[in-house]
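**Student:** just a sequence and a predicted model for now, questions to come.
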Amino acid sequence: MKVLIVGNGGREHAIAWKIYNEGYKELFCVPGNAGISEIAECADIKVNEFDKIKDFCIEKGIDFVVIGPDNPLADGIVDYLESFGIKTFGPTKDAAMIESSKAFAKDLMKKYGIKTARYEVFTSLEDAVRFINQTSQYPVVIKADGLALGKGVIIANNQQEAVDALNLIMKEKFFGAAGNKVVIEDYLLGEEVSVFVVSDGKDIVPLTTARDHKKALDGDKGPNTGGMGAFSPSKLVNKAIFEDILENIMLRAVYGMRKEGRPFKGVLYGGLILTEEGPKVLEFNARFGDPEAQAILPLMKSELMEIMIKAREGNLKGMEAKFEQEYSLCVVLASKGYPDKYDTGFEISGFENLDEKTIVFHANTKKEDGKIKTAGGRVLNVVRGEKTLKEAKEKVYEEVRKIHFENMFYRTDIGDKEIE
C-alpha cells in the first residue's frame, strides 16, 4: 500500500515513523523534512497546494492519504481529495470546524451539555470592549476565533490587558482573519491535560493522555509557542477520570457533530482542564497535537494504520488501541528567538552519538550539501521512553546535550509537573 503524509513537522515525522515500523514501506510525504526523507519519498509541494497534491497522488498511485496539520483540514483538503476518489484520513471541512472556529466549538459544547467555561462571542470590537468594561472578574481569556498556529489565546489579568488584547486581535489583526471574531471566556483553575481519540463519526477508539508545554521558557514563562515539549501519559488522569472524559466529553462531541450533520472522522484531541468541578474543555482540535504525537506514538503497540483505515470506513466498533506501560517524554529543540525572529541554515551535529533507544523526530530541517540544517523555529524533537517519567526525563536530557546547532535553545523542565 502506498501512503502519503501531508505536512512537514515533528508530528508528521512521528506518524511516518510509526506506520513505517508497521511495515508500510512505500511512504511519501509532501513537503516533508530531512528526517522524513530517510524513510519516505518527499516532494516540494506545500500543504495548501491541493491541485498539486492530487496530481502527485495520481502520478504515484497513492492508496491512502494522512493529513497532519490543521490548516489544510480547515480548508477542505479531505473533501477535495475524496472528490477524486483518493482515500484520505481526517475530518471534512465541516467537521474540522470544531477546531477552526472556537465560537462554533463553544456553541456545540453548550448545546450538547459538554462542560466548558462560560463565554461570549463578539464580531464587533466596540461590543467586545463594552463587555470588558462591565467585567469585574479577572483574569479573563480572550481567543481569536480562527486558526492561529496554537498562539491565538491571550490571558488578560486586568481591564487594560483585555482591551489591549482585543485591539491586537480585532483591530491590528495580529492573527489575520482568525481575529474577525473573538471568544471571551472565564479563566478556569486547574491542571491542563490532552486526551486523544480516533473517531469514525459514530464510535471512538481511545488513545491516551499527554501534557504539552506551550510557553517558550522554563516555569511556563515567555510567549506562547506551538509547544516546547510533551510527555505521555498523565498520572493525573486515572481510569475513572478517563472514562468520565470519554463518555461526557469525547463521545458527546462525536454525537453532537453527527447530529449537526458534520460527522467527525479523524483524530479528535480534547484540550482539557481538570477543575474542582471535574474535567472541562478548553478547546477541541481536529488532528494529533504537535508535540504530543511525538510522545504518544512511540508508546503505541497497536497498528495506527489499521485504525485510520477503519475510521475512514466508519468501521471502528470493537477496536481498541494498546500502549506500552511506560512513560514517553519529548523535548523540542528550537532556534533561539522562536516564536518571534530567528535565524536558520545552521548545521546540526551529534546524531551519531545518540543512544539507539532515543528517537529524534525532525520538525523544521532540510538537507543541503549532504548536511542536515535548521530550517525554522522548532527544529527537532528528542524522545525517550522509560519505566518512569523521572527516568525518561533524565535520559532525554542526556541525549539532548549530545546534539548541537548554533542558537539552539530548549526548555529544561519538561515533565517536572508530574515528577515528585
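**Tutor:** Sure thing, it's come through.
**Student:** give the contact list for the closest residue to L189 other than its chain neighbours.
**Tutor:** Setting aside the residues directly before and after it, L189 is nearest to T275 in space (C-beta to C-beta, 6 or more residues apart in numbering), at 6.5 Å. Any C-beta I mention is one placed from the backbone N, CA and C, and that applies to glycine too. Residues near T275 by C-beta atoms under 8 Å, 6 or more residues apart in numbering: 188-190.
**Student:** any idea what T275 is bridged to?
**Tutor:** According to DSSP bridges, the partner residues bridging T275 are G278.
**Student:** look up how far A96 lies from it.
**Tutor:** Separation of T275 from A96 (C-beta to C-beta, to the nearest Å): 27 Å.
**Student:** follow-up on the earlier one: show me which of the contacts of T275 are buried.
**Tutor:** Buried by 16 or more other C-beta atoms under 10 Å: 188, 190, out of the contacts of T275.
**Student:** and which of the contacts of T275 is nearest P206?
**Tutor:** Among the contacts of T275, G190 lies closest to P206 (C-beta to C-beta), at 21.2 Å.
**Student:** quick check, pLDDT for the closest residue to E120 other than its chain neighbours.
**Tutor:** Using C-beta to C-beta, 6+ apart and skipping residues adjacent in sequence, the residue nearest E120 is I184, 5.2 Å away. Each residue has a pLDDT score; the one for I184 is 95.
**Student:** hmm, I184 is touching Y138, no?
**Tutor:** No - I184 lies out of contact with Y138 (C-beta atoms under 8 Å); the separation is 11.6 Å.
**Student:** how close does the residue nearest to E120 sit to A117?
**Tutor:** Between I184 and A117 the distance is 10 Å, computed by C-beta to C-beta.
**Student:** tell me which of these two has more neighbours.
**Tutor:** Regarding I184 and A117, a neighbour count based on other C-beta atoms under 10 Å identifies I184 as having more, with 22 against 19.
**Student:** helix, strand, or coil at that one?
**Tutor:** Here I184 is recorded as strand under DSSP: H, G, I helix; E, B strand; the rest coil.
**Student:** which residues do I184 and Y138 both contact?
**Tutor:** Contact with both I184 and Y138 is made by residues A162, according to C-beta under 8 Å, 6+ apart.
**Student:** center of the chain - which residue?
**Tutor:** G289 (1.9 Å; C-alpha atoms, centre = their mean).
**Student:** confirm that it sits in a helix.
**Tutor:** No - counting by three-state DSSP, G289 is not part of a helix but coil.
**Student:** phi, psi of it?
**Tutor:** G289 adopts backbone torsions of phi -70, psi 160, taken as degrees, to the nearest 10.
**Student:** does it touch R211 like I think?
**Tutor:** No - the criterion here is C-beta under 8 Å, and G289 misses it with R211 at 10.2 Å.
**Student:** which neighbours do the two share?
**Tutor:** Common neighbours of G289 and R211, using C-beta under 8 Å, 6+ apart, are 194, 230.
**Student:** mind checking how far the helix or strand harbouring V382 is from the chain centre?
**Tutor:** Taking DSSP states H and E as the criterion, V382 maps to strand 378-386. Counting by C-alpha atoms, centre = their mean, to the nearest Å, strand 378-386 is centred 15 Å from the centre of its parent chain.
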